[in-house]
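> Quick one, structure for this:
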Amino acid sequence: MRRRTKLSIVASGLLAAFFLSGCVTTWTYPSGPVVAGNKAYSISFPAGWTYMPLPGGDTLMATYDGPNLQVIRVICYDLREEMPYSKNKLASDLSSEDLADAIFQEIFKEPGVNGPVLEMAGPGSLDGVGGAQVVYSYTNDEGLRYRGNAIAAIYSKHLYVVLFAAPVRHYYELYDDVIDRSVESFRFTKK
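Modelled structure (predicted):
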């Protein structure tokens with residue numbers, strides 16, 4: 001009995017230290033534009049949406065009903081490093097066609113993305129910086145069909161991607177304008 005109590009106290013202490021050290025990230029309701037942990041950009045999410053910074057501090061994820069129903073991800077890739085899934089290393093002077101291809105290749109290699117189909121690729125921009133836009137669809141591991149829209153630009157030795165994805169049936173059409181509003185609010189903060 002005494003050993004079990006001591007073990008419970010130690011476990012509780014470790015759990016409290018874990019929470020207090022900031023190792024746990026929670027969903028937050030923004031009260032204005034959200035500035036990324038690396039301070040390189042800011043973005044506004046629609047009212048009622050929550051967001052969470054992902055490990056590393058330069059990627060944000062936002063949702064209204066949960067990331068399986070609709071999600072906005074803002075991803076920052078360092079051009080000096082390989083992209084995590086496709087292992088592509090990008091140059092800072094890519095054409096919009098090559099940038100769109102690189103974005104689609106990265107999405108194609110992400111875990112849980114099955115049978116991706118490129119629906120549209122063309123020019124796009126973030127905060128006035130020219131880049132690319134990719135609209136695509138895929139099936140997740142549970143067989144649910146998703147559609148995504150990614151807008152990207154290269155700025156200051158980084159590739160920034162604002163990506164929206166939701167199930168094709170009901171949710172994508174319901175929240176389709178969200179990506180436009182979020183992209184319009186996107187600002188590079190390191191000029």
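> what's near enough to touch Asn88?
Asn88 is in contact with 82, 102, 105-106, counting by CB atoms under 8 Å, 6 or more residues apart in numbering. To be clear about C-beta, it is placed using only N, CA and C from the backbone, and glycine gets the same treatment.
> swap that for Pro67, please
Pro67 makes contact with Met61 under the criterion CB under 8 Å, 6+ apart.
> Now it: which helix or strand?
Per DSSP states H and E, Pro67 falls between elements, in no helix or strand.
> Likewise for Tyr51?
strand 50-53.
> list the buried ones in that strand?
If you call a residue buried by 16 or more other CB atoms under 10 Å, then strand 50-53 has these buried ones: 51, 53.
> Can you identify the element that follows that strand toward the C-terminus?
For strand 50-53, the following helix or strand on the C-terminal side (DSSP H and E) is strand 60-63.
> Please pull up the helix or strand immediately following that following strand.
strand 71-78.
> What strands flank that following strand, and is each parallel or antiparallel?
Within its sheet, strand 71-78 is paired with strand 60-63 (antiparallel), strand 158-167 (antiparallel), according to DSSP bridges.
> And the contacts of that strand?
36, 38, 40-41, 43, 45, 49, 58-63, 83, 90, 157-166, 178-179, 182, 186.
> Flag every buried residue along that strand.
71-77.
> what's around Tyr160, how many residues?
25 (other CB atoms under 10 Å).
> Distance-wise, check it relative to Leu79.
Tyr160 sits 11 Å away from Leu79, going by CB to CB, to the nearest Å.
> anything in contact with each of those two?
In contact with both Tyr160 and Leu79: Ile154, using CB under 8 Å, 6+ apart.
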